[in-house]
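>>> here is the input, now give the coordinates:
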Amino acid sequence: MLKNIIQEFEQRMEYSCVEWIAEFTQHLDFARLEKEVKSESTRLCAEMLQTLLQDLLKEETFLAVLKTYAGKHGQRFKEYREISVGLSNGQWVKINSPYFCRVRKHHKRKKRGPNGSGAHHGLTVLGFVGHVSPGLLADALQTSLLCPSYEVARTKNGDASIFGVNYLNLYHENGSVPFIQKFSTKTGTLLLIIEPLPS
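Alright, predicted model coming up:
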């Protein structure tokens, strides 16, 4: 699969490079050229990460480890479910992820909570929070720490989103928690609270 992705990328580049060179000699807009080349590299990165992640989640040995892990939490493997996950380059890709649910006791019908009772342990052990990769969360957190205000954060890179994470609120409070950052992903809302250093 990776070989096919690389071959398709090479084919696209052969065509795109000819087109880019022809257009660049006309418009002389290097910023535009950078954007077009970056777009292709971002696409390649997303396709490779998607394939590598999917291959691991489909690996029987890895699934066996997840079943053992889930069993310790009173859960069992149910099925593979198609979901979307966010990558650090801001791309969202679809994968089939092993889904685990609670073990029913005495065949009683289990009441389903508002968000279900299952989990994607394969993503959890790889550092994902919800359906968001650790790289994406790290970039979002770093951006929130470096930006002095909500307005600066939301307009970073000329977009209302930071690496695919939409900022909902950024404010300071007087008291024990001076900094609170809340942002949403496609799978829910994550609240980051940074405690003050001891005085």
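>>> against C101, how distant is A70?
Using CB to CB, to the nearest Å, we find A70 at a distance of 9 Å from C101. For the C-beta atoms, the positions are set from N, CA and C on the backbone; glycine is no exception.
>>> overlap in contacts, these two.
Listed as contacting both A70 and C101 by CB atoms under 8 Å, 6 or more residues apart in numbering are 76, 119.
>>> look at those two and report which has more neighbours.
More crowded of A70 and C101, by other CB atoms under 10 Å: A70, with 24 against 18.
>>> from what I can see that one touches Y99, true?
No: applying CB atoms under 8 Å, one finds A70 not in contact with Y99, separated by 10.0 Å.
>>> what is in contact with these two at once?
Residues touching both A70 and Y99 (CB under 8 Å, 6+ apart) are 77, 119.
>>> what is the lengthiest helix in the chain packed up against?
Ranked by number of residues, the top helix in the chain under DSSP state H is helix 30-58. Where contact means 3 or more CB pairs under 8 Å, 6 or more residues apart in numbering; DSSP states H and E, helix 30-58 is packed against helix 2-27, strand 75-86, strand 92-102.
>>> just these: most buried one?
strand 92-102 (a mean of 18; mean count of other CB atoms under 10 Å).
>>> break the protein down into its domains, please.
As given by automatic domain parsing, the domain ranges for the chain are 2-105+117-125, 134-194.
>>> in terms of mean pLDDT, which of these ranks lowest?
The stretch with the lowest mean pLDDT among the domains of the chain is domain 134-194, at a mean of 53.
>>> would you turn the helices and strands packed on helix 30-58 into TSV with distance to D55?
Converted to TSV, those look like this (distance: least, CB to CB, whole Å):
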stretch	distance to D55
helix 2-27	9
strand 75-86	13
strand 92-102	10
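>>> between those, which gets nearest to T143?
In terms of CB to CB, the element of the helices and strands packed on helix 30-58 nearest to T143 is strand 75-86, at 14.4 Å.
>>> got the contact list for that closest one?
By CB under 8 Å, 6+ apart, strand 75-86 touches 53, 57-58, 63, 66-67, 70, 92-103, 118-121, 123, 128, 131-133, 136, 164-165, 185-186.
>>> report pLDDT for H107.
pLDDT at H107 comes out at 54.
>>> skip the chain neighbours and tell me the closest residue to Q50.
V93 (4.1 Å; CB to CB, 6 or more residues apart in numbering).
>>> identify the residues contacting that neighbour.
Counting by CB under 8 Å, 6+ apart, V93 makes contact with 46-47, 49-50, 84-85, 87.
>>> repeat the analysis, applying 10 Å as the threshold.
46-47, 49-51, 53-54, 83-87 (CB atoms under 10 Å, 6 or more residues apart in numbering).
>>> got it, and H27?
Taking CB under 10 Å, 6+ apart, we find H27 in contact with L33.
>>> okay, it and A64: tell me how far apart.
Applying CB to CB to H27 and A64 gives a distance of 55 Å.
>>> cool, F24 as well?
For F24, the distance to A64 (CB to CB) stands at 52 Å.
>>> now do T25
T25 is 57 Å from A64, by CB to CB.
>>> one more: C147?
As judged by CB to CB, C147 and A64 stand 44 Å apart.
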